[in-house]
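> build me a structure from this.
(one chain, ligands or ions: 1)
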Amino acid sequence: MDQVEYLVIGAGVSGLSFANWMRAEAAARQRPVPELLVLEADSEPGGYCKTVVQDGFVWDYSGHFFHFKDASIEAWLRARMPGQEIRTVAKRSFIRFQGRDIDFPFQKNIHQLPSQDFIDCLVDLYFRDRDAAGGQERSFQEMLYARFGKSIAEKFLIPYNEKLYACDLDTLDPDAMGRFFPHADIGDIIANMRRPDNASYNASFTYPLGGAIQYIHALLHDLPEGSVQYGERLEAVDLRRQVARTSKREIGFRRLVSSAPLPALQRMCGLADDPAWAAWASGFTWNKVLVFNLGFDRKGATEPHWMYFPERDLSFYRVGFYDNIMDGDRMSLYVEIGAARDAVLDVEAARARVLADLERTGIVQGHRLVSWHSVVLDPAYVHITQASRAAHRGLSAILHAAGVYPVGRYGGWTYCSIEDNMLETRELARIFGHLT
Ligand SMILES: Cc1cc2nc3c(=O)[nH]c(=O)nc-3n(C[C@H](O)[C@H](O)[C@H](O)COP(=O)(O)OP(=O)(O)OC[C@H]3O[C@@H](n4cnc5c(N)ncnc54)[C@H](O)[C@@H]3O)c2cc1C
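Numbers count the residues shown, from 1 in each chain. As a prediction, this is how the structure comes out:
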């Protein structure tokens, strides 16, 4: 049986970052690099940070734009992307509301709405019942009503997020979106009417012209030949013996770091069958997102980088314009459709509907579709609920005790960015560096 010190599952951002940070940690402590092997089920690296280059268009698996808070992380990546042009772009994003485009976020730009909608939003905001839940909102939906009032909640925040998450928002945790939710209090909202300040976590973003995969290439840059095995899937883990069974062999490990989705890891570790653990398994729910990348014969609107669509009659919740980020001369869109995890998707029918809806919104105006691609991200947005938090806590305790560490957006069952994935795995490597 093969044996490694560190077995890493997944060659996405999280798995590859961890492999790099372990090397950096060893160098900093002047120790030999630990024996480490990355297993990737797919035939290529990247996970959700893959890029499709087709007919002159460059598309990601849905828009992937980068907002680095820690300059050292971005500098580390850029140092490993020689020759790659990286744009820094000041974001222009809009919400299509009853035929007009208003700035994002909705709650800070209600003064741009038609006057009756503006009055409704302002009056309901002022008289919102902050005390309804005694300051202790129970769910994401309750939080929206309590902080923004009925009209802001019902005209945008609820329909938009229902389309995205494809679930009842009353089941989600009040903090389900963490720092990604643009909070604003009544003072911010009123002040924004005179002096716009729509800064958010992603007020500007960077984007490599070669697409998100360039970050993956940077993460592969320093890893020795053979440290990533493609086409090898983790299938089961014997926690007691610390042995992984893959689609090809058995591998003993001292520590296993997994970016596979947590419910799948739970099953692979034999922690789903016992009734005591079955409740945790049922605590995990999520949506999937059908993404269409669409290339047209000529340019369309020149301003937006992306747009939000709360209207329930439109199939998509968001549309992004790659060509306005990369200065392309042909309209290049990504279109995102949220779906329940068990929904049966008819991709052909969905594509026809998307094209019709794009015409309805005026984004497509007699343009000819010349190239297209689709992908289903499953899971895409995990549902952060009281039950999922409890399941994550309980499983982590059992897994850590056996030397197994779930990481990343889906291992950690959370809402995060690629930078968060890199920071999390750097911290884990530091902890292992101390322990070793
Ligand atoms: C719609 C959408 C838009 C996003 N936009 C942005 C954005 O603009 N900016 C940003 O910073 N982030 C964005 N993200 C988040 C970003 O995609 C993730 O944070 C990041 O890709 C997660 O990387 P990961 O390595 O944790 O997981 P993944 O990318 O899911 O990688 C996991 C890898 O593990 C492999 N794997 C799984 N199971 C097994 C197994 N049993 N055996 C072997 N291999 C296995 C998979 O094949 C995959 O390659 C977005 C996410 C979504 C869904």
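> who does the strand or helix carrying Asp117 touch, helix- and strand-wise?
When secondary structure is defined using DSSP states H and E, the element that contains Asp117 is helix 115-126. Using 3 or more CB pairs under 8 Å, 6 or more residues apart in numbering; DSSP states H and E as the contact criterion, the secondary-structure elements in contact with helix 115-126 are helix 140-152, helix 186-194. (Glycine included, C-beta is placed from N, CA and C.)
> residues making contact with that helix?
Judged by CB atoms under 8 Å, 6 or more residues apart in numbering, the contacts made with helix 115-126 from elsewhere in the structure are 97-98, 110-113, 148-152, 155, 186, 189.
> what's the answer for stretch 374-382, then?
With contact meaning CB under 8 Å, 6+ apart, stretch 374-382 is reached by 48, 61-62, 164-165, 261, 284-293, 338, 341, 345, 347, 351, 388, 409-410, 413-415.
> surely Ala236 is in contact with Ala244?
Yes. The criterion here is CB atoms under 8 Å, and Ala236 meets it with Ala244 at 7.4 Å.
> ok, those two, which is more surrounded?
Per other CB atoms under 10 Å, whichever of Ala236 and Ala244 has more neighbours is Ala244, with 26 against 13.
> check which helix or strand the nearest residue to the more buried one once chain neighbours are set aside maps to.
If the residues on either side of it in the chain are set aside, Ala244 comes closest to Ile251, at 4.9 Å by CB to CB, 6 or more residues apart in numbering. Assigned by DSSP H and E, Ile251 belongs to strand 250-258.
> just how off-centre is that strand within its chain?
Relative to the chain's own centre, strand 250-258 is displaced by 26 Å; criterion: CA atoms, centre = their mean, to the nearest Å.
> next one: stretch 391-404
Worked out by CA atoms, centre = their mean, stretch 391-404 lies 23 Å from the chain centre.
> quick one: average pLDDT of that stretch?
The average pLDDT for stretch 391-404 rounds to 96.
> for the residue of the stretch 151-300 of the chain found nearest the ligand, give me phi and psi.
Taking CB to the nearest ligand atom as the measure, the point where the stretch 151-300 of the chain comes nearest the ligand is Ala260, at 3.4 Å. Its backbone dihedrals place Ala260 at phi -70, psi 150, with angles given as degrees, to the nearest 10.
> who in the stretch 251-400 of the chain is up against the ligand?
With CB under 6 Å from any ligand atom as the criterion, the stretch 251-400 of the chain comes near the ligand at residues Ser259, Ala260, Val289, Leu377, Ala380.
> dump the residue contacts of the first one.
For Ser259, the residues meeting the contact criterion (CB under 8 Å, 6+ apart) are 8-10, 12, 14-15, 47, 406-411.
> give me the distance between it and Leu294.
In this view, Ser259 and Leu294 are 29 Å apart by CB to CB, to the nearest Å.
> what angle do the lengthiest helix in the chain and strand 250-258 make?
Among the elements of type helix in the chain, defined by DSSP state H, the one spanning the most residues is helix 418-435. Computed with axes from the mean of the first three to the mean of the last three CA atoms, to 10 degrees, the direction of helix 418-435 lies at 120 degrees from that of strand 250-258.
> CA-only coordinates of helix 418-435 in PDB, if you can.
The C-alpha atoms that make up helix 418-435 are tabulated as PDB, following Å, rounded to 0.1, in the frame of the first residue of the first chain:
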ATOM      1  CA  ILE A 418     -10.900  32.100  -3.800                       C
ATOM      2  CA  GLU A 419      -8.800  34.500  -1.700                       C
ATOM      3  CA  ASP A 420     -10.700  33.100   1.400                       C
ATOM      4  CA  ASN A 421      -9.700  29.600   0.200                       C
ATOM      5  CA  MET A 422      -6.100  30.600   0.000                       C
ATOM      6  CA  LEU A 423      -6.100  32.300   3.400                       C
ATOM      7  CA  GLU A 424      -7.900  29.300   5.100                       C
ATOM      8  CA  THR A 425      -5.400  26.800   3.700                       C
ATOM      9  CA  ARG A 426      -2.400  29.000   4.600                       C
ATOM     10  CA  GLU A 427      -3.700  29.100   8.200                       C
ATOM     11  CA  LEU A 428      -4.100  25.300   8.200                       C
ATOM     12  CA  ALA A 429      -0.500  24.800   6.800                       C
ATOM     13  CA  ARG A 430       0.800  27.100   9.600                       C
ATOM     14  CA  ILE A 431      -1.000  25.000  12.300                       C
ATOM     15  CA  PHE A 432       0.500  21.800  10.800                       C
ATOM     16  CA  GLY A 433       3.900  23.600  10.700                       C
ATOM     17  CA  HIS A 434       3.700  24.300  14.500                       C
ATOM     18  CA  LEU A 435       2.500  20.700  15.200                       C
END
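> if anything else comes up later, I'll come back, but that's it for now.
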